[in-house]
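Asks: kindly generate the corresponding structure for this input.
(2 chains, ligands or ions: 2)
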Amino acid sequence: MSLNGQVVVATDVTRRYGVGDAAVNALAGISTAFERDRFTAIMGPSGSGKSTLMHILAGLDKPTSGTVELDGVEITALDDGELTKLRRDKLGFVFQFFNLLPVLTAEENLVLPLSIAGRKPDQAWVDQLVRTVNLEDRRTHRPSELSGGQQQRVAVARALVSKPAVVFADEPTGNLDSKSSAGVLDLLRQAVDEFGQTVIMVTHDPAAAAHADRLITLRDGELVHDASPGSADEVIELMKQID
Amino acid sequence: MTSLALKSLWARKVRAMTTAFAVVIGVAFIAGSYILSDTIFAAFDEIFSESLSGTSVVITAKNPVEQDNGEVPTISASLLQQVQKTPGVKLAAGAIFTPGGFFDSKGEKIGSKFAPKFISSTLPGKLEALKYIEGHRPRGPTEASIDKAAAEASHLELGEDIELIGQGSAKKFQLVGFTQLGSASFGGTSIAQVTLPVAQALTHKVGRFDQISVAAVDGVSPALLKRRIAAEMPSGVRVETGTESADRASEEIRDNLSFLQTFLLVFGFIAVFVGSFLIFNTFSITVAQRVTEFGMLRTLGASRRQILSTVLSEAVAIGLFGALVGIAGGFLIALLLNALLEAFGVDLPTTSLVMESRTIVVSLLVGVVVTFVSSLIPALRSTRVPPIAALNAFVPTPSRRRRLIYAGFSILLGVAGLAMAVAGLVGGGGAGTRAGLIGAGALVSVIAVSLFSPRLVPPLATVAGWPLERLRRLTGRLARENAQRNPSRTAVTAAALMIGLALVTFVTVFAAGLKSSVATVVDENFAGGLVIQNSDGFSPIPNGTATAARKVPGVESVATIRSAQAKVVGSGAGARVTAPTPNIGESLNIEWKQGGPEALRGLGDGQAILSDSFASSNGLEAGDSFRLLTQTSKRPSFEVTGVFDSKLNVLGSVLITQPVLARDFSQTQDTIDFVTTESGADAATVQAILTKGVEVAFPTAEVLNQEELKESREEQVNTLVNLFYALLALAIVISLFGIANTLALSIHERTRELGMLRAIGMSRRQVRTMIRYEAVITALIGAILGMILGVVFAALIAQPLKDEGFTLSYPIVSLVALLVLAGLAGVLAAILPARRASRLDVLESLQYE
Ligand SMILES: Nc1ncnc2c1ncn2[C@@H]1O[C@H](COP(=O)(O)OP(=O)(O)OP(=O)(O)O)[C@@H](O)[C@H]1O
Ligand SMILES: [Mg+2]
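Replies: Ligands and ions are numbered 1, 2, ... in the order given. Here you go, the predicted model:
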């Protein structure tokens, strides 16, 4: 375990796409750390490097330079097999689009990370998750029979099922109406407060950011603001300044 | 719009290539079959015209009934003087050209097992067609030459000894020359030359010729000379100009070998049929994946017809491209087929490959038409894409009503197919019509099952997936679910493999039945003892073999069988005439329908015993009379004195005495000898002595006991079955490409899903396993359906053969092995798609649109 309960530590991370004149510096050198049991939101204008940063923190992409330490492990040097194991054991993901398998039921999708790892799910924990995401009567439904909000709640529960060190969410409410969004955000908040999870979420939605404990703002690949988000209106104000 | 079609085709190069590949293989096989058979025919034309190039007129005996062993009747040597006296004759000579056997000094057979060998006599002057490229013509009674190709194949040197065997025992000769004829290769056929008197003695044709060759003096045309000579010749003798003779020989060969062309083409069309499933599937999937594009085109104002022509132009372009490549590939396939046939002992003459314009036309037509027709349904489906599809993912699925109509239609079609097959089996009509009906019935049934199979996919996938789910829980489960996700796609993919497996199963089951029937016949009808036959299994054995066998200590008696082909006078129906010695009943258990053993023992001149199938098909019974046309143009009459069960194939259809066979059919060689051993003698010892004695003097003969006889018969079946397997392998390879192609397209569709699975912790290995299992499940569905179809058809076709002693036996072990092999084939098909899927970049896949 890292110092001060820091579960993700990024040091001088840069990411450059392309070469020569056409090269784009998606991340211009970012150093930051994320503490355990905290809900962090990442915001910034389109193209500011939010997704790139999240992908690098999660080991889905490699930085051009700099290092990332995840739960005490330096991940930038890991190979595909090690990264797979890392994702399986320590990370949870929620994506913008409903990344459920259409051929499995809601509950099967929920326990998918455990099935992949060949582990037996702890039924009490699964039941609790199902209750938390409010899908007790939808367990055996296939994704096509669920609403967008319900599908996304399954995705959140799936990210929590293996009790990972960090849950990464990239615009988890990007495709939802405000009511469904609120449900998903409450769930993430609950995960932090009740289950002691660490959540890092990329979002465009000031209301979503307001659910977080901490708000990081990026512009042109640089970290320009790092503070508590305050209310949704305050976030809107902040974004206006940054743009 | 056509340019749009070509552009979008170019954008989908890889997919277009796999589709074209299905066309290429099928068309290449068809083109190859034509090229090879045309080449073989051309080689024969070349050989015949070359061998008669210096000959103006040819005199032979008429040959009203062709013999299985290719022997032709002879003419009297006394005709030669008459020919020589005819004005305009510059040179005339008698010649011998008779099948025989060749062995090297170590007793090893020269040339391939089944290819014919001819003993020929030297001809004077320009009548001689063989060119001596090394050494000289044989001059004395102990000199012989052989063709260069055989010499090279058997590593023979000039001065070495070889043995030639005609109708007596083997004789030793010194090799003094190597010959060649024109530029064509003889294939496995080989010619040994000796002087005329030697050839006559070797083939027991002293005082007779196979042919008289005549050269005309300058200024006398072959046609004129032919007319002059014909006027002098007795009836039963045929006089032709050299060209006429060569043309007739070519024509006869074409008739005899046209079955080979048909046989190969059938496999080509099977390959094309299987390929059409692949084409259909690829177009269906591509159209489904392009709904947004079509919707967009429709919003831009494209009409349905324009969309239809876009898709169909793509199909025609692919068909055309595939056909062109296929025609080029035909040359390669022709060579491969020739090598394959050669490996199975069918070693035919060849020359430089022949490409007839008919081959090009048929190949282009097949390629374009098949692609066009296979893509028609997907293309029509593309026209149902509404403009709104541009905005949201619209999947044109057939309505419930439509699906019910499909199911009803496929069931009707299946019934119709079976009815056609049954009609072909029990109905009247010629063999061709009936085979056509059965074939069409099988084809229709296959289409019916393919149409219905989307409904069978879910349950079959559950069955086939069960062991995999037990083995690997999640990946097995996902593989099964993925296979079931789009039942019609899986169904069409599996159906392609189903066709190949149905045929393989049919052949396997049928061959097992054939082998067990052969074994039963041998067990039930052979009273033990030993059998002497030609080592090729069908040619006659030299005279003197039986006499030699009778002298071996421990041998009690030897019964022999001789046979010849004849035609029934009036109907022209074929008859296999067999002449056994009267003691044949000691070696064979004959089941009598009319008459009994006394009929056989007392069989006299002018009497015959018939097999029951021959009797019934010719409307004959004991007491009736009939006439046969023999090879020597005689028409002896026979009175029926008995009828026996035709299960005993070795006895043919008409039994007469050996003296009559010699007199009227001029056939004096044994086809098979049966040896009974003395009761005290040890069978193995007798066989050992017989083998040593007989096989040394008559190297073409072999001595078998009952077990070995069974094995030798079974081996003949096996050889044929293996040839079928080899030719069917192609259809199976195409269907494996189909599985790989469908998988690749499905993986492409599921890129995001795969990215998600990888992101949440699925390893590359697990992805590979999942894809592999999906392929295995698809293959097993095809295998299960195919095996059911194959068994059903084997059972159907065996039904009417029951009377002839054919009993079906189900080779369970082979069938299970086939199922396992099909599963492994699925693994093979999945190698590339699985590798591609496992190597997808997680991030890119997640962001994939
Ligand atoms: N694969 C790539 N190749 C080249 N450039 C890329 C690639 N991916 C991202 N970029 C560039 O990197 C920069 C950061 O992209 P990123 O996707 O991280 O932005 P973002 O903040 O997530 O934007 P959005 O809010 O629109 O999702 C952008 O300028 C983008 O164009
Ligand atoms: Mg982004």
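
Asks: element containing whatever residue of chain B ends up closest to chain A?
Replies: Distances between chain B and chain A by CB to the nearest CB are smallest at residue B:761, namely 2.8 Å. Glycine gets a C-beta too; all of them are placed from N, C-alpha and C. Using DSSP states H and E, no element contains residue B:761; it sits outside every helix and strand.

Asks: wait, does stretch B:480-499 contact chain A?
Replies: Yes: applying CB under 8 Å from any CB of the partner chain, one finds stretch B:480-499 in contact with chain A at B:481-482, B:484-485.

Asks: which one of the residues you listed sits in the busiest neighbourhood?
Replies: residue B:482 (26 neighbours; other CB atoms under 10 Å in any protein chain shown).

Asks: right, and that one touches residue B:747 too?
Replies: No: in this structure, residue B:482 is not within contact of residue B:747 by CB atoms under 8 Å, at 9.6 Å.

Asks: show me where the stretch 351-500 of chain B has its helices.
Replies: B:357-383, B:400-426, B:431-471, B:473-485, B:487-525 (DSSP state H, counting those that start in this stretch).

Asks: those: which one's closest to ligand 1?
Replies: helix B:473-485 (28.6 Å; CB to the nearest ligand atom).

Asks: what does stretch A:87-99 contact?
Replies: A:58-59, A:70-71, A:113, A:116-117, A:143, A:148, A:151-152, A:155-156, A:158-162, A:164-172, A:174-175, B:752-753, B:756, B:759-761, B:846 (CB atoms under 8 Å, 6 or more residues apart in numbering or on different chains).

Asks: in the residues of stretch B:480-499 next to chain A, find the pair that's most separated.
Replies: B:482 and B:484 (7.3 Å; CB to CB).

Asks: for chain A, which residues are neighbours of ligand 1?
Replies: A:17-18, A:24, A:26, A:44, A:46-52 (CB under 6 Å from any ligand atom).

Asks: oh, that last question was meant for chain B, not what I typed.
Replies: Counting by CB under 6 Å from any ligand atom, no residue of chain B is near ligand 1.

Asks: so for the strand ranked longest in chain B, what gets flagged as buried?
Replies: Ranked by number of residues, the top strand in chain B under DSSP state E is strand B:555-568. Under the neighbour-count criterion of 16 or more other CB atoms under 10 Å in any protein chain shown, strand B:555-568 has B:555, B:557-568 buried.

Asks: from the contact counts, what lies against it?
Replies: Of the remaining helices and strands, those touching strand B:555-568 by 3 or more CB pairs under 8 Å, 6 or more residues apart in numbering or on different chains; DSSP states H and E are helix B:545-550, strand B:574-580, strand B:625-629, helix B:658-664, strand B:672-677.

Asks: quick one: list the elements packing against the last one.
Replies: In this case it means strand B:672-677. Counting contacts by 3+ CB pairs under 8 Å, 6+ apart, strand B:672-677 is packed against strand B:530-534, helix B:545-550, strand B:555-568, helix B:683-697.

Asks: cutoff 6 Å now
Replies: Helices and strands touching strand B:672-677, by 3 or more CB pairs under 6 Å, 6 or more residues apart in numbering or on different chains; DSSP states H and E, are strand B:530-534, strand B:555-568.

Asks: of the contacts of stretch A:87-99, buried ones?
Replies: Among the contacts of stretch A:87-99, those classed as buried by 16+ other CB under 10 Å are A:58-59, A:70-71, A:113, A:116-117, A:143, A:151-152, A:155-156, A:158-162, A:164-172, A:174-175, B:752-753, B:756, B:759-761, B:846.

Asks: ok, back up a step: most widely separated two among the residues of chain A next to ligand 1?
Replies: Distance extremes for those: the farthest pair is A:18 and A:44 at 20.7 Å, using CB to CB.

Asks: more neighbours: the two, which one.
Replies: The neighbour comparison of residue A:18 against residue A:44 (other CB under 10 Å) goes to residue A:44, with 25 against 10.

Asks: quick check: that one vs chain B, distance?
Replies: Residue A:44 sits 18 Å away from chain B, taking CB to the nearest CB, to the nearest Å as the criterion.

Asks: wait, what's in contact with that residue?
Replies: If you count contacts by CB atoms under 6 Å, 6 or more residues apart in numbering or on different chains, residue A:44 has them with A:50, A:217-219.

Asks: for residue A:10, state which of those residues is nearest.
Replies: Residue A:10 lies nearest to residue A:218 out of those, by CB to CB, at 12.2 Å.
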